[in-house]
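Peer 1: Any chance you can model this:
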Amino acid sequence: MNQLTRLFGLIALLIGGIVIIGFVMYGIRLKKPVNIFDALEDDHSEIRELINGTYDDRERFSELKALLDVHHQLEEQIPFEVLKAEANLVKDTLEAIEEHHVIELLLGELANLPTEDDRWLAKFSVLQEFTEHHLEEEEERLFPESRKILSEGQMGDMGMRFKEEKARLLKQY
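Peer 2: Residues are numbered from 1 along each chain as shown. Got it, this is the predicted structure:
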């Protein structure tokens, strides 16, 4: 009887392990990829929060600059590279890229200006207003039109790549 109890116990453990492994594998397989535009909009929320926080705490500027640098780089490399080839999105995509350039210029000037300088806060206010305008344009015009053109698979693949690359690049700052 004792050996039979042990045998049933081992069988139960084995079956339990197989069931757990199955659930883990099933869960991984069913994990929905992150849509690129959802990922970008999440980043936009983080950017807005950092901008508002940096206005009151200039020590957060380097964190904001790192996030914007990485965000722009990946946005241009991943979805924008594909969107530039779409006839009805060329203008908006190129405009967004040019706006990134202006934001990067402002970030560079702010990085080289002492935070105690009176011009720092004035220049930061311009960055804040311009960035907000830029984010709104992307969210209200470019992203909705882009969602109509790209497949769910494309958006999912881009979103996963964006998340992975963002984590890797931010570690370098």
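Peer 1: helices or strands up against whichever strand or helix holds Leu107?
Peer 2: Assigned by DSSP states H and E, Leu107 belongs to helix 90-111. In terms of contacts (3 or more CB pairs under 8 Å, 6 or more residues apart in numbering; DSSP states H and E), helix 90-111 is packed against helix 61-77, helix 79-83, helix 118-137. Any C-beta I mention is one placed from the backbone N, CA and C, and that applies to glycine too.
Peer 1: tell me how far it is from the chain's mean position?
Peer 2: Centre-to-centre, helix 90-111 and its host chain are 17 Å apart (CA atoms, centre = their mean, to the nearest Å).
Peer 1: Name the residues of it that come out as buried.
Peer 2: Asp92, Thr93, Ala96, Glu99, His100, Ile103, Leu106, Leu107, Leu110 (16 or more other CB atoms under 10 Å).
Peer 1: returning to that earlier point: closest to Leu150 out of the helices and strands packed on helix 90-111?
Peer 2: With respect to Leu150, and counting by CB to CB, the nearest of the helices and strands packed on helix 90-111 is helix 79-83 at 7.1 Å.
Peer 1: Starting from the one helix or strand in the chain whose mean pLDDT sits lowest, tell me the next helix or strand along the chain.
Peer 2: Of all helical and strand segments in the chain, the minimum by mean pLDDT, DSSP states H and E falls on helix 2-30, at a mean of 55. Using DSSP H and E, the helix or strand that follows helix 2-30 in sequence is helix 36-56.
Peer 1: how's this protein carved up into domains?
Peer 2: The record's domain split for the chain, according to automatic domain parsing, is 1-31, 36-170.
Peer 1: Give me the below-cutoff pLDDT ranges for the protein.
Peer 2: Applying pLDDT under 70 to the chain flags residues 1-32.
Peer 1: go with 50
Peer 2: 23-30 (pLDDT under 50).
Peer 1: list the contacts for Leu135?
Peer 2: His44, Ile47, Arg48 (CB atoms under 8 Å, 6 or more residues apart in numbering).
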